[in-house]
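Student: From the sequence below, what's the structure:
(one chain, ligands or ions: 2)
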Amino acid sequence: MTTHINKLAIFGVGLIGGSVALALKQAAAVGEVVGVGRSRANLEAALKLGIIDRIAASPATAVQGADVVLLAVPVGQMAVLMQAIAPHLGEETLITDAGSTKQDVAALMQQHLAAHLPNCVPGHPIAGAETCGAGAARADLYQDRNVVLTPLPQSDQAAMEKVRALWQACGAKVSEMPSIEHDAIFATVSHLPHLLAYTLVDMIARRDNADTLFSFAASGFRDFTRIAASSPEMWRDIALANREALLSEIAQYQASLEQMRAALAAEDATALEAAFRRAQTARVRWSGG
Ligand SMILES: NC(=O)C1=CN([C@@H]2O[C@H](COP(=O)(O)OP(=O)(O)OC[C@H]3O[C@@H](n4cnc5c(N)ncnc54)[C@H](O)[C@@H]3O)[C@@H](O)[C@H]2O)C=CC1
Ligand SMILES: O=C(O)C(=O)Cc1ccc(O)cc1
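Tutor: Ligands and ions are numbered 1, 2, ... in the order given. Got it, this is the predicted structure:
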């Protein structure tokens with residue numbers, strides 16, 4: 001399905017929202033893009049970069065006559081924005097989001113957008129980076145990347161298809177799953193790794209000889225910790241929104257780390273090598289090597 005959006009309202013014109021705007025513009029799939037933000041400087045940068053065509057005067061004017069509203073703010077900001085737009089949404093306007101957690105966003109839609117649920121389609125692009133702000137946005141961010149939609153029981157099939165077409169116009173591959181399954185999967189493969197990277201870098205940064213330690217860190221450290229340069233606000237919100245699943249992943253990680261520690265303490269070379277080999281095989285297979 002090809003798509004054309006006459007007016008797109010983006011709340012949060014950062015890496016994710018800005019990249020949607022650039023990708024849709026490149027695909028000639030959008031007419032006007034209006035932006036709403038918390039930081040005037042970021043919105044002006046987005047305007048200068050051609051990401052948005054107009055800075056909206058208010059949430060109300062932003063959504064007026066919009067075909068699609070995209071909420072691309074940290075998940076802790078979703079509630080306040082839903083409350084702000086709810087009274088001003090037209091009958092036809094689709095509401096979607098790009099938040100990293102989905103059960104919380106779905107619950108907030110049920111709470112704050114009750115009159116518009118057939119037009120609500122929660123989504124999550126599985127593409128991004130540790131960078132943020134409009135200046136980090138790229139037209140090709142979603143090229144060949146996955147986007148997961150987690151429909152509400154009330155989401156209309158036509159609305160689903162339009163949001164699917166929006167992401168496909170950005171170059172993405174779109175799939176669907178229940179929000180509970182989504183949050184369990186991303187607790188394991190995204191939220192836990194970010195928490196571990198932040199923890200390791202913070203542990204080292206608080207040492208008296210941190211400067212010396214960082215000065216000798218090599219590419220292995222760079223690979224392991226790149227994501228610790230990500231937005232603290234965004235990751236605070238994700239961790240809290242997916243708290244139960246993340247706590248469970250931390251417990252399982254602690255148990256695995258304890259097995260590794262015990263093997264090392266016991267000088268159990270066989271157990272150490274076997275664990276390293278299992279991980280190596282899985283990692284090489286995952287990266288297609
Ligand atoms: N960074 C990544 O790699 C990915 C992020 N996401 C999700 O996408 C969303 C946006 O993340 P990014 O674009 O990376 O962050 P970002 O920091 O680049 O952009 C977010 C923008 O939202 C604005 N904002 C914050 N609160 C606001 C409010 N109340 N009203 C209006 N604007 C507000 C900020 O000023 C900022 O410009 C988050 O929910 C995040 O979890 C999803 C996939 C990947
Ligand atoms: O920086 C990276 O590699 C990421 O892992 C990007 C990312 C961050 C949050 C998401 O919900 C999805 C992808």
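
Student: Which parts of the stretch 101-250 of the chain are helices?
Tutor: Assigned by DSSP state H, counting those that start in this stretch, the stretch 101-250 of the chain shows helices spanning 103-112, 157-169, 179-186, 192-205, 210-216, 219-225, 232-241, 243-265.

Student: which residues touch the fifth one?
Tutor: Residues lying outside helix 210-216 but in contact with it, judged by Cβ atoms under 8 Å, 6 or more residues apart in numbering, are 204-205, 207. Where C-beta positions appear, they are placed from N, C-alpha and C, glycine not excepted.

Student: Scan the residues you listed and report the most crowded one.
Tutor: Within these, most neighbours by other Cβ atoms under 10 Å means residue 204, with 15 neighbours.

Student: Count the residues that sit near the closest residue to that residue other than its chain neighbours.
Tutor: Sequence neighbours aside, residue 213 is the residue nearest to residue 204 in space, at 5.4 Å (criterion: Cβ to Cβ, 6 or more residues apart in numbering). Per other Cβ under 10 Å, the neighbour tally for residue 213 reads 13.

Student: just the one 3 residues further on next, same as before
Tutor: Residue crowding around residue 216 was assessed by other Cβ under 10 Å; the count is 7.

Student: is ligand 1 contacted by stretch 19-31?
Tutor: No: Stretch 19-31 stays clear of ligand 1 (Cβ under 6 Å from any ligand atom), getting no nearer than 7.8 Å.

Student: Tell me the residues of the stretch 101-250 of the chain that contact ligand 1?
Tutor: 124-125, 128-129, 132-133, 231, 234, 238.

Student: Now the two most distant members of these.
Tutor: Across these, the longest distance by Cβ to Cβ is 19.8 Å; it joins 124 and 133.

Student: what about the two, which has more around it?
Tutor: Per other Cβ under 10 Å, whichever of residue 124 and residue 133 has more neighbours is residue 124, with 24 against 16.

Student: Distance-wise, check that one relative to residue 182.
Tutor: Note on residue 124: its distance to residue 182, by Cβ to Cβ, to the nearest Å, is 7 Å.

Student: what's the answer for residue 50, then?
Tutor: 33 Å.

Student: Compare neighbour counts for these two and give me the winner.
Tutor: Neighbour tally, residue 50 and residue 182, criterion other Cβ under 10 Å: the higher count belongs to residue 182, 23 against 11.

Student: my read: the more buried one touches residue 150, true?
Tutor: Yes: between residue 182 and residue 150 a contact is recorded at 5.2 Å, counting by Cβ atoms under 8 Å.

Student: Residue 171: neighbouring residues, count only.
Tutor: 18.

Student: before we move on, back to that, dump the contacts of helix 210-216 to JSON lines, plus distance to residue 103 and pLDDT.
Tutor: Rendered in JSON lines, the data for the contacts of helix 210-216 read as follows (distance: Cβ to Cβ, whole Å; pLDDT from 0 to 100):
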{"residue": "204", "distance to residue 103": "33", "pLDDT": "98"}
{"residue": "205", "distance to residue 103": "32", "pLDDT": "98"}
{"residue": "207", "distance to residue 103": "37", "pLDDT": "98"}
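
Student: show me the contacts for the closest residue to residue 231 other than its chain neighbours.
Tutor: The shortest distance from residue 231 to any non-neighbouring residue, by Cβ to Cβ, 6+ apart, is to residue 132 (4.8 Å). Residues in contact with residue 132 (Cβ under 8 Å, 6+ apart) are 14-15, 230-231, 234.

Student: ok now do the residue nearest the centre of the chain, which residues does it touch?
Tutor: Geometric centre of the chain, nearest residue: residue 100, 3.8 Å, by Cα atoms, centre = their mean. Contacts for residue 100 (Cβ under 8 Å, 6+ apart) come out as 75, 124, 186, 190-191, 234, 238.

Student: Most neighbours of all those, which one?
Tutor: residue 238 (27 neighbours).

Student: nearest residue to that residue other than its sequence neighbours?
Tutor: In space, residue 238 is closest to residue 100, 4.9 Å off (Cβ to Cβ, 6+ apart).

Student: So the closest residue to residue 139 other than its chain neighbours versus residue 150, what's the distance?
Tutor: Nearest residue to residue 139 in three dimensions, chain neighbours excluded: residue 22, at 4.0 Å (Cβ to Cβ, 6+ apart). Going from residue 22 to residue 150 by Cβ to Cβ gives 25 Å.
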